[in-house]
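In: mind looking at a prediction? Sequence and model below.
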Amino acid sequence: MPVVVRLLGMGRALWSDALGLGLAAWLDFLVGDPWGWPHPVQMMGWVISRYRQAALGLCKHRLALRIAGIGLGLGLTLGSGVVGWGLVAIARSLHPFLAMAVQTILLASCLAGRSLRRAAEDVLAPLAAGDLPAARNRLGLYVGRDTDGLDRAEVLRAVLETVSENSTDGVTAPLFYAILGTCVPVIGPVPVALGYKAVSTLDSMVGYKDPLNKDLGWFSARLEDALTWIPCRLTVVTIAVLARHPVTVLRLCRRDAPQDPSPNAGWSECAYAAALGVQMGGLNHYRGQPKLKPLLGDAHQPISLDTIQAALALTRWTVLLWLAIAIGLLLRTTGFS
């Protein structure tokens, strides 16, 4: 009898986690990250900034900084997961519906679909109105490249590259790890998704090769590359299937994506480029310095406003497909099929 009770409890946990995944994706689609509200990434960023300041002040040798980087990467990743697990556990001890609400909000905070769409639309709105200077200024808020001298076509390319790259590390990869955590009821989706979000935040803040960050951030950058590898490839395959010409998309990705120095960004961008029949990559400038990025995909048509909307739609359909498969399998496991 105790075994049966445990199995029934596990079934209820899986059902609850499956429902939480769906609600989180729905909440992210409708609301996203409201301005002014507290967000886990803000706390992660605060910890990273304080740790970096202390490490740079205390560690005078390169080896010491690299060791401190390992501590930062592992500490923030595991710590974020533990805090997430604790918050859900406390809420569950008070009421199941409170636990569902906490889990949904925390999972939604790990997904950046709405934020990505809002950023793209923030740039596209003045561009559609013919106000190129305003579009350049707003684009500069979201990308690292110089935007002052970009023409309309280059602004559109920059937006599409941002959407296609960040769709993986900001949307599908966190969702992948949330689904993965759901498969382990004792852990749940929140700790695993928050752990990945911590790694992604670390990479965006210290995962650079400049003198200030290259030693402290090397471990975080490597960890982010490794953790994003599988969800990135699954995203590429999903985009290829949704595009209805998977052979062509995968062929172009195998041809062009390895030319990108990033093990994941090139694959993500190339999948969208191939699916949409456009070409990304080319010459960018960063703080006045030119940098040539590999060309991804074939330029069957120019990048347009509609192209970017189609890219955003591909991301939404990818999320829906993954959720449908994951929830279906979880409900089948619990005997609700």
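Out: Okay, I see it. Residues are numbered from 1 along each chain as shown.
In: which SS class is the nearest residue to Ser262 once chain neighbours are set aside?
Out: Nearest residue to Ser262, sequence neighbours excluded (C-beta to C-beta, 6 or more residues apart in numbering): Asp225, at 7.6 Å. Just so you know, the C-beta spots here come from the backbone N, C-alpha and C atoms, and that holds for glycine as well. Classification of Asp225 using DSSP: H, G, I helix; E, B strand; the rest coil returns helix.
In: let me see the contact set for Asp225.
Out: 262-264 (C-beta atoms under 8 Å, 6 or more residues apart in numbering).
In: for Leu212, same thing?
Out: Counted by C-beta under 8 Å, 6+ apart, Leu212 has contacts Leu56.
In: phi, psi of it?
Out: phi -70, psi -30 (degrees, to the nearest 10).
In: give me the pLDDT value at it.
Out: Note for Leu212: predicted pLDDT of 83.
In: which parts of the stretch 101-250 of the chain are helices?
Out: 113-128, 132-139, 152-167, 173-182, 189-206, 218-242, 246-256 (DSSP state H, counting those that start in this stretch).
In: before we move on, the earlier item: out of the contacts of Asp225, which are buried?
Out: 262, 264 (16 or more other C-beta atoms under 10 Å).
In: closest to Gly79 out of the contacts of Asp225?
Out: Asn264 (24.4 Å; C-beta to C-beta).
In: might one say that that closest one is in contact with Asn166?
Out: No: with contacts counted by C-beta atoms under 8 Å, Asn264 stays clear of Asn166, the gap being 11.3 Å.
In: residues in contact with Ile230?
Out: Each residue near Ile230 by C-beta under 8 Å, 6+ apart is listed here: Phe176.
In: circling back: just the closest of the contacts of Asp225 to Pro246, please.
Out: Nearest to Pro246 among those, with distances taken as C-beta to C-beta, is Asn264, at 19.4 Å.
In: so where's the chain uncertain?
Out: Applying pLDDT under 70 to the chain flags the ranges 1-15, 34-36, 334-337.
In: center of it, which residue is that?
Out: Among the residues of the chain, the one closest to the centroid is Gly170, at 1.6 Å (C-alpha atoms, centre = their mean).
In: now distance to Leu124 and secondary structure too, for the contacts of Asp225, in JSON lines please.
Out: As requested, the contacts of Asp225 are exported to JSON lines (distance: C-beta to C-beta, whole Å; DSSP: H, G, I helix; E, B strand; the rest coil):
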{"residue": "Ser262", "distance to Leu124": "25", "secondary structure": "coil"}
{"residue": "Pro263", "distance to Leu124": "29", "secondary structure": "coil"}
{"residue": "Asn264", "distance to Leu124": "25", "secondary structure": "coil"}
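In: now distance to Met43 too, for the contacts of Asp225, in JSON lines please.
Out: JSON lines is the format used below for these (distance: C-beta to C-beta, whole Å):
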{"residue": "Ser262", "distance to Met43": "27"}
{"residue": "Pro263", "distance to Met43": "28"}
{"residue": "Asn264", "distance to Met43": "26"}
